[in-house]
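1. The following comprises the amino acid sequence and a computationally predicted model.
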Amino acid sequence: MTQNSSSPSSPPNRRSAAVTRGPNRAAARSYLRAAGMDDADFERPMIAVVNTWSSVTPCNMHLDRLAEDVRRGIREAGGWPVDFNTIVVTDGISMGTPGMKASLISREVVADSIELAVQGHQLDGVVCIVGCDKTIPAAAMALARMDIPGLVYYGGTIMPGRIGEKEISVQEIFEAIGAHGAGALDDAGLKAVEVAACPGAGACGGQFTANTMAMALSVMGLSPMGANDVPAVHPDKGEQGERCGRLAVELTVKGISAREFITPRSLMNAAVAVSASGGSTNAVLHLTAIAAEAGVPFGIEDCHFACETTPVICDLKPGGQFLAHHLFVAGGTRLVAQRLAWAGKIADAPTVSGRSLFEEAAEAEEAPGQKVITDFDRPIMARGSYAVIYGDLAPEGAVIKLTGHKVDRFEGPAKVFDREEDAFEAVQSGAAGEGDVIIIRHEGPRGGPGMREMLQVTAALKGRKIENVALITDGRFSGASYGFVAGHVSPEAAVGGPIARVRDGDRVTIDVTNRRIDVDADLGARQPSSPEREAPTGVFAKYAVLAASASQGAVTIPNPPPARTADSFQGRPRAASTQTAHEDA
């Protein structure tokens, strides 16, 4: 790999030539000279360093520093770094508030802004530096959409918080809120958790959505293996940033674009890793969105197959004991990939490092005596962390979380709410709880708009020690949620989906074994609910018009591919047809 300050050889049709070559581009070069470039620099590959830095959240507050390392790597490899910034909406801050409506929408805005900055200046390659949840899939979606050389570099996990001898994460804060509402925790106890849970820079510490997607992109091959695992404040983080900068230049010079790494095979590998790690149900939404942007046939039924055939081998929160920092010390994503490769659960594929996935996995180093990652002879769970189910309430599918409980069937009366806030108040007051099927609707992609996460509600149930309960929503669940919860119900209430016709007291049955979610009522004879709400404005109104179904990744691209649900396989066995696609990829 080139590691000098001279300009690397590059093809004459390099993208940036459109703004740096020829007499007609004198004005553009004049602007670039003012920004520090000279004649020799115009021959270098111009690499966008797209940063989601913000001072509002520990997930992203250190990314400005990490960008220095990336720029250094780009320059050492002979490229010219060009910095841009985009946004972040932090789930931990917005959770349970109207601000949470902005979270998923921000994924689209981040992807759009990356595309606009890079295409507007005809840059040659991209390094996307990401932190909080939606910035990670957004970066992959932008690379898939543009199909130019680039990679995604995750800022890393936060370190564990600590109360006495106990290590904690943000998960414990939301559960403490529930315990406080139940009177089981006093003000001082809540304050102690609040103060201790987030000790510094880095994204939420469990196998929540950020760490789930960071692992998924590493196994997919779109992030360099090992780079995303290093915690935010670890001294080795700088070395990984330099590596990412060098790799971006190398990919650009070789003309290896992002879609080389986004294929049915690599997406299935990513979904398998999500399952094996007990990862977030949000991965279903994000992997299908990345596939849609790349035009790759991959959907919710493929995600179900990955979980159906891949046991959980990582003992990670929210359902397990350990945090992402412990996974890193134990051997990291590379060790998980090695276990998966040895078991025949993933297929070999190229990665942005220039080495194949199996070559990267072969170098795994397992920490002696580690207890975070087991093997397939003694899994944590016999199947993966979620399932896709269908039925009266979800003709196009719903995603049910399976971590943190052993229930596979639940039946109970519906308690129906048209807003997350109303459901949270009912749980905190004791009006909804044991034995109920809590339904939160009109929180889907269009209905929210923005498909809020329901961690505030699930954590309140946990904090109040309510376990004999199910929760169903056309919204989403945080990666930190666990329990018998089904989200992404499609079609959503706002477009007249069956969930809009459920009433209080209807008997609802969730049957994981038979993949069913049904209600004992004549839904077709009822009118859908239509709660009065203030009409969305601005970007929220745009998203409400453009958003596709959750079964299509809730993307905003024109004419997204049809959802790859159970019906997509036209009567063929789902597992067999998905397996064939995986093997033939």
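-> Now that the structure is in, tell me what you want to look at.

2. quick one: contacts for Val170?
-> For Val170, the contacting residues are Gly92, Ala197, Cys198, Cys204, Gly205, Gly206, Phe208, Ala480, taking CB atoms under 8 Å, 6 or more residues apart in numbering as the criterion. Quick note: C-beta positions are derived from backbone N, CA and C, even for glycine.

3. Next one: it from Phe358, what distance?
-> Computed as CB to CB, to the nearest Å, the Val170 to Phe358 distance reads 35 Å.

4. most distant residue from the middle of this protein?
-> Pro23 (45.1 Å; CA atoms, centre = their mean).

5. Which pLDDT value goes with that one?
-> The predicted local confidence for Pro23 comes out at a pLDDT of 96.

6. where's it relative to Asn228, distance?
-> The gap separating Pro23 from Asn228 is 44 Å, by CB to CB.

7. Also Arg383?
-> Distance of Arg383 to Asn228, computed by CB to CB: 26 Å.

8. Those two: who's more crowded?
-> For Arg383 and Asn228, the more surrounded residue by other CB atoms under 10 Å is Asn228, and the numbers stand at 29 against 16.

9. got the residue ranges for the strands in the chain?
-> With DSSP state E as the criterion, the chain has strands at 46-51, 80-85, 125-130, 150-154, 161-163, 166-168, 386-391, 394-401, 409-417, 437-440, 470-473, 485-490, 507-511, 516-519.

10. on that earlier part again, for the contacts of Val170, please prepare TSV with the additional fields distance to Pro558, pLDDT and neighbour count.
-> Compiled in TSV, the contacts of Val170 are given as follows (distance: CB to CB, whole Å; pLDDT from 0 to 100; neighbours: other CB atoms under 10 Å):
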residue	distance to Pro558	pLDDT	neighbour count
Gly92	33	88	21
Ala197	42	95	23
Cys198	40	96	22
Cys204	33	94	30
Gly205	38	95	30
Gly206	36	93	30
Phe208	32	92	30
Ala480	34	59	28
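
11. Report the buried residues of stretch 84-93.
-> Taking 16 or more other CB atoms under 10 Å as the basis for neighbour counts, the residues of stretch 84-93 that come out buried are Phe84, Asn85, Thr86, Ile87, Val88, Val89, Thr90, Asp91, Gly92.

12. Please compute how far it lies from its chain's middle.
-> Averaged C-alpha coordinates place stretch 84-93 at 14 Å from its chain's average position (CA atoms, centre = their mean, to the nearest Å).

13. Output that stretch as CSV, nothing but the C-alphas.
-> In CSV, the C-alpha atoms belonging to stretch 84-93 read as follows (Å, rounded to 0.1, in the frame of the first residue of the first chain):
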residue,chain,number,x,y,z
PHE,A,84,-17.7,18.1,5.1
ASN,A,85,-20.0,17.9,8.0
THR,A,86,-23.5,16.5,8.2
ILE,A,87,-26.0,16.0,11.0
VAL,A,88,-26.8,13.6,13.8
VAL,A,89,-30.0,13.1,15.8
THR,A,90,-29.2,11.3,19.0
ASP,A,91,-31.7,8.6,20.1
GLY,A,92,-30.7,8.7,23.7
ILE,A,93,-31.6,12.4,24.0
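
14. how close does Ala548 get to Val126?
-> If you measure Ala548 against Val126 using CB to CB, the figure is 25 Å.

15. So for these two, which sits in the more crowded spot?
-> More crowded of Ala548 and Val126, by other CB under 10 Å: Val126, with 28 against 22.

16. From the structure, what's the count of residues near the nearest residue to that one once chain neighbours are set aside?
-> Closest residue to Val126 in three dimensions, ignoring its sequence neighbours and counting by CB to CB, 6 or more residues apart in numbering: Gly150, at 3.4 Å. Here the count is done by other CB under 10 Å, and Gly150 has 31 residues near it.

17. And stretch 381-399, what's buried?
-> Going by neighbour count (16+ other CB under 10 Å), the buried part of stretch 381-399 is 381, 383-399.

18. end to end, how far does that stretch reach?
-> Using CA to CA, to the nearest Å, one end of stretch 381-399 lies 17 Å from the other.

19. Kindly report the same for stretch 469-485.
-> 9 Å.

20. try stretch 212-228
-> Here the two ends of stretch 212-228 are set 11 Å apart, with distance taken as CA to CA.

21. thinking again about what came up before, select, out of the strands of the chain, the one closest to Ala17.
-> Between Ala17 and the strands of the chain, the tightest spacing by CB to CB is seen for strand 46-51, at 9.8 Å.

22. Can you tell me the strand partners of that closest one and which way each runs?
-> Based on DSSP bridges, the pairing partners of strand 46-51 within the sheet are strand 80-85 (parallel), strand 125-130 (parallel).

23. List the contacts of the closest residue to Val89 other than its chain neighbours.
-> Taking CB to CB, 6+ apart as the measure, Val89 lies nearest to Ser106, with 4.0 Å between them; neighbours along the chain are not counted. If a contact means CB under 8 Å, 6+ apart, then Ser106 has Ile87, Val88, Val89, Lys134, Thr135, Ala138 as its contacts.

24. Now do the same contact list for the residue nearest to Val126.
-> Ala48, Gly125, Val126, Val127, Cys128, Leu143, Ala248, Leu251, Ser257, Ala258.

25. Thank you, goodbye.
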